[in-house]
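Peer 1: Sequence first, then the predicted structure, then my questions.
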Amino acid sequence: MLTWEEGSISAIARHLGHDRKTIRAYLNGERVSGYRRQSPDAFMPFLEYCRQRLSDDPHLWGLDALR
């Protein structure tokens, strides 16, 4: 257990086995324990293009997956 005098961000990070930036983000309220941030879907910029191409050629599979 850390005492108040030993409670620097670096000491907390070493004690918990996390990076200093992670500890700082928790202390500043930028992160909440137990929640992961969602990364943007890399496919979304191409969704409308794929829908158009798949509807242009009914022989292509996957048309139902994009509706």
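Peer 2: That came through fine.

Peer 1: mind giving me the domain ranges of the chain?
Peer 2: 1-30, 40-67 (automatic domain parsing).

Peer 1: could you dump these to CSV with mean pLDDT and mean neighbour count?
Peer 2: Yep, even glycine has a C-beta here, placed from its N, CA and C like the rest. Converted to CSV, the domains of the chain look like this (pLDDT from 0 to 100; neighbours: other C-beta atoms under 10 Å):
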stretch, mean pLDDT, mean neighbour count
domain 1-30, 86, 12
domain 40-67, 80, 10
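
Peer 1: how far does the longest helix along the chain sit from the chain's center?
Peer 2: Longest helix of the chain, by residue count under DSSP state H: helix 47-56. In terms of C-alpha atoms, centre = their mean, to the nearest Å, the gap separating the centre of helix 47-56 from the centre of its chain is 28 Å.

Peer 1: Repeat that for stretch 53-62.
Peer 2: With C-alpha atoms, centre = their mean, you get 32 Å for stretch 53-62.

Peer 1: Same check on stretch 35-45?
Peer 2: 7 Å.

Peer 1: Residues touching it, excluding its own?
Peer 2: Here stretch 35-45 makes contact (C-beta atoms under 8 Å, 6 or more residues apart in numbering) with no residue beyond itself.

Peer 1: quick one: residue 9 and residue 20, what's the gap?
Peer 2: 5 Å (C-beta to C-beta, to the nearest Å).
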